[in-house]
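[1] The following block contains a protein sequence and its predicted model.
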Amino acid sequence: MTLVINHLSKAFNNNSVIDDISLDLESSSFISLLGPSGCGKTTLLRLIAGLITPDKGEIRHNDTIFYSSEQKVNISPDKRNLGMVFQDFALWPHMNVYDNVAYPLRAKKDTDQLNERVIEALSAVQLEHLKDRKIHELSGGQQQRVSLARAIISNNKVILMDEPLSALDATLREDMRHLIQSITKKYEMTAIFVTHDQYEAMTMSDQIIVLDKGKILQQGTPEDLYTKPATPYIAKFIGKGSDIQGTVVDKFFTTVTGLKFPIHFNTTPGPYTYIIRPESVKIDNSGYPAQIQSVSYTGERYEYVALLDETPIMFYDSNKLSIGSTVNLNIQILNHFLFKQEEQ
Ligand SMILES: Nc1ncnc2c1ncn2[C@@H]1O[C@H](COP(=O)(O)OP(=O)(O)OP(=O)(O)O)[C@@H](O)[C@H]1O
Ligand SMILES: [Mg+2]
């Protein structure tokens, strides 16, 4: 049971927006589409939903062909049986909570046990007590939960979500993150979740697909993407880190300013970009001096940025250090963060 996309392309006014994308998404998994503004996330979601028509390619869900340019198949959005949750919630403002949730079933004249199903969906999002409220009498988080209940009720196995948390404040986002995760697992939904927030993607997903300019840059588990990023761009997009240029010769990475760090793995000599993850930087008397530029207290630790030969380096430490003071820093060179320069 999978959602399969083969060689999908879409251009607007001759500008390619989705560029020959192929994907095989396992059912009941939570998949995030992650990428910068304008990279084609919403377009890909709307192509899957059938709200826009591709130029070329194929979209298939199990044995059903949603779209095929070769076979000239294009089934309408309402026949694709997909749940949708959007950024602006898309609720009916003049209806109350109950009627908004019941709406998709009434529209399909699928009203068997309507009341039981509406109440079940409302209780799944903990909104049963507000069923008679009008939409405009709800908070943003409550409105978002109504749109989630409406997606649950149709019992669709695939749910498409376009930045559903972006309109919410930090605390509500956290609650909704957990609610969306538990509901999609409980109802064994395949969730395709669009976000440009790497933290959301990392914490919620089974698989992350990183898009840029309509192409897939990398697909993998959050762990894969964090520990083995395919490019320096992904390394910086998925986690924190600064880059430093240098050369690999004789088991050392030597920066352009002459700082030398040992390498404990085999790699070919030449020019490299190294992405320094904060956790690979340690205060160490044998390290190079760096000046603390900024400090942020996060509760469990301090996050520092220090200047090491003009390069801002981020690192964590449990002790408080003052801005302007000098620390000696050692940088561990990790295999998966060393990128040959022509690979960029
Ligand atoms: N109907 C349209 N007509 C013309 N261009 C469009 C249309 N829809 C999207 N585009 C363009 O396609 C590109 C991708 O847009 P899309 O909305 O998919 O980006 P996105 O990744 O969702 O970005 P964001 O994070 O800002 O929501 C953009 O350059 C956008 O301007
Ligand atoms: Mg978008």
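    Perfect, I can see it now. Ligands and ions are numbered 1, 2, ... in the order given.

[2] Let me see the domain layout of this protein.
    What automatic domain parsing lists as the domains of the chain is 2-232, 240-343.

[3] Tell me the first helix or strand C-terminal of the strand or helix carrying Phe261.
    Assessed by DSSP states H and E, Phe261 sits inside strand 260-262. Next helix or strand after strand 260-262 toward the C-terminus (DSSP H and E): strand 270-276.

[4] Return the list of strands paired to whichever helix or strand comes after that next one, each annotated with direction.
    Under the assignment DSSP H and E, the closest C-terminal helix or strand after strand 270-276 is strand 281-297. Pairing partners of strand 281-297, with direction, according to DSSP bridges: strand 302-308 (antiparallel), strand 326-331 (antiparallel).

[5] Buried deepest among the ones you listed, which one?
    strand 302-308 (a mean of 19; mean count of other C-beta atoms under 10 Å). Bear in mind the C-beta positions are built from the backbone N, C-alpha and C, glycine included.

[6] Retrieve the pLDDT associated with the spatially most central residue of the chain.
    Central residue of the chain (C-alpha atoms, centre = their mean): Ala201, 3.1 Å from the mean position. pLDDT, Ala201: 94.

[7] Spell out the secondary structure type for it.
    Under DSSP: H, G, I helix; E, B strand; the rest coil, the three-state class of Ala201 is helix.

[8] My understanding was that it contacts Ile208; is that so?
    Yes. Ala201 is in contact with Ile208 according to C-beta atoms under 8 Å; the separation is 5.0 Å.

[9] Quick check: neighbours shared by those two?
    Ser32, Leu34, Pro222 (C-beta atoms under 8 Å, 6 or more residues apart in numbering).

[10] so who does the last one touch?
    This points to Pro222. The contact partners of Pro222, taken as C-beta under 8 Å, 6+ apart, are Ala201, Met202, Thr203, Ser205, Ile208.

[11] Now for the residue nearest to it when sequence neighbours are not counted: which residues touch it?
    The spatially closest residue to Pro222, leaving aside those adjacent along the chain, is Met202, at 4.5 Å (C-beta to C-beta, 6 or more residues apart in numbering). Taking C-beta under 8 Å, 6+ apart, we find Met202 in contact with Ile208, Pro222, Leu225, Tyr226, Ile238.

[12] Without its sequence neighbours, what residue ends up closest to the third one?
    Nearest residue to Leu225 in three dimensions, chain neighbours excluded: Ile238, at 4.9 Å (C-beta to C-beta, 6+ apart).

[13] near ligand 1, which residues of the chain?
    Proximity of the chain to ligand 1, by C-beta under 6 Å from any ligand atom, involves residues Phe12, Asn13, Val17, Gly35, Ser37, Gly38, Cys39, Gly40, Lys41, Thr42, Thr43, His196.

[14] OK, contacts around Thr273?
    Going by C-beta under 8 Å, 6+ apart, Thr273 touches Pro232, Asp243, Ile244, Gln245, Leu338, Phe339, Gln341, Gln344.

[15] So what does the residue of the stretch 51-200 of the chain found nearest ligand 1 look like in phi/psi?
    Distances between the stretch 51-200 of the chain and ligand 1 by C-beta to the nearest ligand atom are smallest at His196, namely 4.8 Å. Per-residue torsions, His196: phi -110, psi 10 (degrees, to the nearest 10).

[16] who are the neighbours in contact with it?
    Neighbouring residues of His196 by C-beta under 8 Å, 6+ apart: Leu34, Gly35, Pro36, Ser37, Lys41, Glu163.

[17] same check, this time on Gln144
    For Gln144, the contact set (C-beta under 8 Å, 6+ apart) comprises Val85, Phe89, Pro164, Leu165, Ala167, Leu168, Leu172, Met176.

[18] Remind me which helix or strand it belongs to.
    Using DSSP H and E, Gln144 falls within helix 140-153.

[19] same deal with Thr171?
    Applying DSSP H and E as the criterion places Thr171 in helix 170-186.

[20] Buried residues, that helix. List them.
    Leu172, Arg173, Met176, Arg177, Leu179, Ile180, Gln181, Ile183, Thr184 (16 or more other C-beta atoms under 10 Å).

[21] So what's the predicted local confidence for the second one?
    By that I understand Arg173. 85.

[22] With the fifth one instead?
    According to the model's per-residue confidence, Leu179 sits at a pLDDT of 88.

[23] Next, count neighbours for the spatially closest residue to it that is not a sequence neighbour.
    In this structure, Leu179 finds its nearest non-sequential neighbour in Val125, 6.5 Å apart by C-beta to C-beta, 6+ apart. Val125 has 22 neighbours, counted by other C-beta atoms under 10 Å.
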